[in-house]
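Colleague: attaching a predicted model along with its sequence, questions to come.
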Amino acid sequence: DGGITQSPKYLFRKEGQNVTLSCEQNLNHDAMYWYRQDPGQGLRLIYYSQIVNDFQKGDIAEGYSVSREKKESFPLTVTSAQKNPTAFYLCASSRTGTSIGNEQFFGPGTRLTVL
Amino acid sequence: LAKTTQPISMDSYEGQEVNITCSHNNIATNDYITWYQQFPSQGPRFIIQGYKTKVTNEVASLFIPADRKSSTLSLPRVSLSDTAVYYCLVGPHQTGANNLFFGTGTRLTVIP
């Protein structure tokens, strides 16, 4: 089955620690995205990547970092510089990032709790 | 960046048609209108997309007036499983994800 996987589903970390969230897709999509969602709120874009070895900051990139070394993988690191990291993190992909009408396919999400 | 305005919440009885309207007064010529559905603790799911007039698929219809400053998502005969948050997005996908903006959405509650 084609799709997007995120792991783990739940993640607990101590304050001050960096943590990396995994996102893998086997849809052969060029573009990948990371969003953050807080309770009762909409999604906010953290980073996106239109192609391998390239990525751009979204609206709330501070305190986060990404890499895109492989087409199918787009890991997100939540660094200790992120002031309020506890949130629901969603990864998505689309066939391209530059075509009109490209729908995004979302993973199941990772709920990160920083203690 | 064309942001959107939607009602925060709506209630409907099972079997009724539900219409959710989205305002996007600053929509640009090359912007498309896309709707997503999100269930609790899941990622959003694409429902429908359109540019102008009317678009229909097996799940919903999307009505867009000539001035494109608003759009209406129509869900026919809703069931309890349609209880979710619905997001309206406006953006030129061809220039990158920076122009995609998920607002707070409309929380639809279907009542038995």
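Modeller: Structure received. Every value quoted in this text rests on a predicted model; they were computed, and no experiment measured them.

Colleague: show me the contacts for the residue nearest to B:Ser74 when sequence neighbours are not counted.
Modeller: The spatially closest residue to B:Ser74, leaving aside those adjacent along the chain, is B:Ser61, at 4.4 Å (Cβ to Cβ, 6 or more residues apart in numbering or on different chains). All C-beta spots, glycine's among them, are computed from the backbone N, C-alpha and C. For B:Ser61, the contact set (Cβ atoms under 8 Å, 6 or more residues apart in numbering or on different chains) comprises B:48, B:54-55, B:73-74, B:76.

Colleague: for the chain, which segments are assigned as strands?
Modeller: Since no chain was named, I'll use chain A. Counting by DSSP state E, chain A has these strands, from start to end: A:4-7, A:10-13, A:19-25, A:31-37, A:43-51, A:54-57, A:64-66, A:76-78, A:87-94, A:105-106, A:110-114.

Colleague: actually chain B
Modeller: With DSSP E as the definition, chain B shows strands at residue ranges B:9-13, B:18-23, B:32-38, B:45-50, B:53-56, B:61-64, B:70-75, B:84-91, B:106-111.

Colleague: for chain A, see how far away B:Asp67 is.
Modeller: For B:Asp67, the distance to chain A (Cβ to the nearest Cβ, to the nearest Å) stands at 20 Å.

Colleague: repeat that for B:Ile47.
Modeller: Separation of B:Ile47 from chain A (Cβ to the nearest Cβ) stands at 9 Å.

Colleague: that residue contacts B:Ile20, doesn't it?
Modeller: No. Between B:Ile47 and B:Ile20 there is no contact, the gap being 10.5 Å when judged by Cβ atoms under 8 Å.
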